[in-house]
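In: need a 3D model of the sequence below.
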Amino acid sequence: MRKTLSLLAAALLSAGAAHAADYAIDPSHTYATFEIGHFGTSTNRGRFDKKEGKIQFDRAAKTGKIDVSLDIASVNTGSAAFDKHLQSAEIFDAAKYPTARFVSDKLVFNGDKVAEVQGQLTLAGKTQPVTFKANNFNCYDNPMVKREVCGGDFEATIDRTAFGVNYGVDWGFPKNVRIVLQVEAVKQ
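Out: Residues are numbered from 1 along each chain as shown. Predicted coordinates:
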């Protein structure tokens, strides 16, 4: 009986794995932005223009894997001087650490919707756990590309000093940075 149950469990697990689909990040519908306070008056905002990634998603099994990379040199705040400073060794050190990367194999669901994504963020050569909360999530048949597209709006707040990004903390710049990720991925 135990052997039969083990075989049944293995069959169910392998059947669930067969339903996982691969998705490619659509860079024209994916945006990674950040926000950090500026001396308690306003908020500095920026984005990373070059991003890529892949997602494996199984809605029925409520599982998935995510691997998204951002090109640090593509940081864009609307100010070339500020972009250059962000790329410098004082902040992101783009020459030494050209990529930020988020990797996850833990999706948390609320019913049929992804509620959060738990994973590891690597930034400036350091890796820390980060959980992105899903503010929106949906899959739909895209009439333009004639394939399923899944995506949503996700956000997390990180302590940048955990990644060694300490610039300006002694002057009063906050440690916390809000990251907002709008992601759409096309089924392959």
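In: spatially central, which residue of this structure would that be?
Out: Nearest to the geometric centre of the chain sits residue 102, at 5.2 Å (Cα atoms, centre = their mean).
In: model confidence score at it, please.
Out: Residue 102 carries a pLDDT value of 97.
In: secondary structure element for it, which one?
Out: Taking DSSP states H and E as the definition, one finds residue 102 inside strand 99-110.
In: so what secondary structure elements neighbour that strand?
Out: If contacts are counted by 3 or more Cβ pairs under 8 Å, 6 or more residues apart in numbering; DSSP states H and E, strand 99-110 sits against strand 63-71, strand 113-123. Heads up, the C-betas are built off the backbone N, CA and C, glycines and all.
In: quick check: angle from the shortest one to strand 113-123?
Out: By that I understand strand 63-71. Angle of strand 63-71 versus strand 113-123, following axes from the mean of the first three to the mean of the last three Cα atoms, to 10 degrees, is 40 degrees.
In: and strand 63-71, what does it pack against?
Out: With 3+ Cβ pairs under 8 Å, 6+ apart as the test, strand 63-71 has strand 51-58, strand 99-110, strand 113-123 packed against it.
In: any chance of CSV for those, columns distance to residue 32?
Out: Output for those, formatted as CSV (distance: least, Cβ to Cβ, whole Å):
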stretch, distance to residue 32
strand 51-58, 6
strand 99-110, 8
strand 113-123, 11
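In: before we move on, back to that, for the residue nearest to the centre of the chain, name its beta-bridge partners.
Out: Counting by DSSP bridges, residue 102 forms beta bridges with residue 68, residue 121.
In: wait, isn't it in contact with residue 123?
Out: No - at 9.2 Å, residue 102 does not count as touching residue 123 under the criterion of Cβ atoms under 8 Å.
In: ends of stretch 32-50, how far apart?
Out: Stretch 32-50 has an end-to-end distance of 9 Å (Cα to Cα, to the nearest Å).
In: got the buried residues for it?
Out: Neighbour counts over stretch 32-50 (16 or more other Cβ atoms under 10 Å) mark 32, 34-36, 44, 46-48 as buried.
In: ok, so of the residues you listed, who is nearest residue 61?
Out: residue 32 (27.3 Å; Cβ to Cβ).
In: any weak-confidence spans in the protein?
Out: For the chain, the stretches with pLDDT under 70 are 1-18.
In: which residues of it fall in strands?
Out: Ranges of strands in the chain, per DSSP state E, are 21-25, 31-38, 42-48, 51-58, 63-71, 75-76, 99-110, 113-123, 126-142, 147-159, 176-187.
In: note down every partner strand of the longest one and its orientation.
Out: Going back to what we said before, that points to strand 126-142. Partner strands and pairing direction for strand 126-142 (DSSP bridges) are strand 113-123 (antiparallel), strand 147-159 (antiparallel).
In: dump the ones you listed to CSV, plus distance to residue 62 and mean neighbour count.
Out: Shown next, in CSV, are the strands paired with strand 126-142 (distance: least, Cβ to Cβ, whole Å; neighbours: other Cβ atoms under 10 Å):
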stretch, distance to residue 62, mean neighbour count
strand 113-123, 9, 19
strand 147-159, 13, 17
